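>>> What would the 3D arrangement of this be:
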Amino acid sequence: MRNKVTKAIFPVAGLGTRFLPATKSVPKEIMTLVDRPLVQYAIDEARAAGIKEFIFVTSRGKSALEDYFDHAPQLEQELKKKGKDKLLEILKSTNMDSGEIAYIRQHKALGLGHAVWCARRLIGNEPFAVMLPDDVIAADKPCLQQMAEAYEETGGNMVAAMEVPADKASAYGILDVREDMGSMVSVKGMVEKPKAGEAPSNLAVIGRYILSPKIFDNLNAMKSGAGGEIQLTDAIAEEIDGEGVYGYRFNGQRYDCGSKAGFLQATVAFGLDREDLRDDLEAYLREVVSAREAAE
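You can find the predicted model right below:
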């Protein structure tokens, strides 16, 4: 029987420069998508997949992120006193119990692989998940839960994969497919940010992973890859002839909330999905489209 995946690493040490000046004082991960921080979507998805231990790889200036998961006794007391029970339940759902969450500092920005390596001692000899909060995925069954269920059958290493246009492939890690089994593919190679026209497929790796602890042995070598950084993709690729690597085509819509356009698209999509916001938002969007069409 395979070990259950109960630990997840959240690399959140980035400076969020694409969202300056907002991220001068606010960590990108707690910028709100409708009324929840980006990181809350990742936490909720992780919990649905059975994750019990949450490991954040942070950097200087992320104290607001830590405060977000702490209890807020005064605020809870005020909500209770005013009878705002629904808001109180929402607030309590963001709390993390003592020992459930841990923070590790990444002192140098050496890449995603290095960020994951920083958490090695808290993972030990267990399979683990890696989640990038920038990638927000709307799905009936949360993406990591889909992957955890598939992992029960395959073991090894698994990455979330989605098809991307050829002209966008250079922005991703791309899978070289050995066998296509529908929702699952077995992998014979991985290329991080291939040059235009050199991508081995159109299947891109996005920010969800389930990995073997053997990945840390590969990361220990501290090999520089694309962009001079220590790439997680390269460490995973070394396991292709070992425990194996699989790509999982998840069901759902991924939004790149690390970009301004993706963040805005997600805001509109999640807003339209809310019954309490849908009518007003739809009416406003129609007005905007009509005004633009009239102006043209």
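
>>> Give me the nearest residue to Leu175, chain neighbours excluded.
Leu203 (4.3 Å; C-beta to C-beta, 6 or more residues apart in numbering). The way it works is simple: take the backbone N, C-alpha and C, and place the C-beta from them, glycine included.

>>> gap between the one you found and Met222?
28 Å (C-beta to C-beta, to the nearest Å).

>>> what about those two, which has more around it?
Taking neighbours as other C-beta atoms under 10 Å, Leu203 and Met222 compare with Leu203 leading, 23 against 11.

>>> my guess is the more buried one meets Ala161, correct?
Yes - Leu203 is in contact with Ala161 according to C-beta atoms under 8 Å; the separation is 4.7 Å.

>>> Touching both of these two, which residues are there?
175, 185, 247, 249 (C-beta atoms under 8 Å, 6 or more residues apart in numbering).

>>> which of those lies closest to Ala235?
Of all the shared contacts of Leu203 and Ala161, Leu175 has the smallest distance to Ala235: 15.1 Å, by C-beta to C-beta.

>>> okay, the closest one: pLDDT?
Note on Leu175: pLDDT of 92.

>>> Wait, it touches Tyr248, no?
No - counting by C-beta under 8 Å, Leu175 stays clear of Tyr248, with 10.5 Å between them.

>>> what secondary structure does Val205 sit in?
In three-state terms, and counting by DSSP: H, G, I helix; E, B strand; the rest coil, Val205 is strand.

>>> Any idea how many residues pack against it?
By other C-beta under 10 Å, 21 other residues sit near Val205.

>>> what helix or strand is Val185 on?
Using DSSP states H and E, the element containing Val185 is strand 184-192.

>>> got the contact list for Phe263?
Counting by C-beta under 8 Å, 6+ apart, Phe263 touches 19, 31, 33, 255, 257.

>>> Where do the helices of the stretch 51-200 of the chain begin and end?
Remark: helices assigned in the stretch 51-200 of the chain by DSSP state H, counting those that start in this stretch are 63-68, 73-81, 85-92, 112-118, 120-123, 143-154.

>>> closest to Ala8 out of those helices?
Proximity of the helices of the stretch 51-200 of the chain to Ala8 was assessed by C-beta to C-beta; the nearest stretch is helix 143-154, lying at 7.9 Å.

>>> List the buried residues of the closest one.
143-148, 150-151, 154 (16 or more other C-beta atoms under 10 Å).

>>> what's the distance between the closest residue to Lys28 other than its chain neighbours and Gln265?
Using C-beta to C-beta, 6+ apart and skipping residues adjacent in sequence, the residue nearest Lys28 is Gly16, 3.2 Å away. Using C-beta to C-beta, Gly16 is found at 18 Å from Gln265.

>>> quick one, which of those two is more surrounded?
The neighbour count for Gly16 versus Gln265, taken as other C-beta under 10 Å, is higher for Gly16 (18 against 15).

>>> How about the contacts made by that one?
Gly16 sits next to 22-23, 27-28 when contact means C-beta under 8 Å, 6+ apart.

>>> ok, which pair from those residues is furthest apart?
Ala22 and Pro27 (10.0 Å).

>>> Who has more neighbours out of those two?
Remark: of Ala22 and Pro27, Pro27 carries more neighbours, 25 against 12, as counted by other C-beta under 10 Å.

>>> So Met222 belongs to a helix, correct?
No - membership of Met222 in a helix is not supported by three-state DSSP, which gives coil.

>>> Of all the helix elements in this protein, which one is longest?
Longest helix of the chain, by residue count under DSSP state H: helix 275-295.

>>> What's the mean pLDDT across stretch 267-277?
94.

>>> okay, how far is it across that stretch, tip to tip?
11 Å (C-alpha to C-alpha, to the nearest Å).

>>> buried stuff in that stretch?
For stretch 267-277, burial by neighbour count (16+ other C-beta under 10 Å) applies to 267, 270-271.

>>> which ones among these are found in helices?
Per DSSP H, these map to helices at 267, 270-271.

>>> Could you single out the nearest of those residues to Ala129?
Ranked by distance to Ala129 (C-beta to C-beta), these are led by Phe270 at 22.7 Å.

>>> Now for the residue lying closest to that closest one once chain neighbours are set aside, how many residues are close by?
Once flanking residues are discounted, Phe270 sits nearest to Val34: 5.0 Å by C-beta to C-beta, 6+ apart. Neighbour count of Val34, defined by other C-beta under 10 Å: 14.
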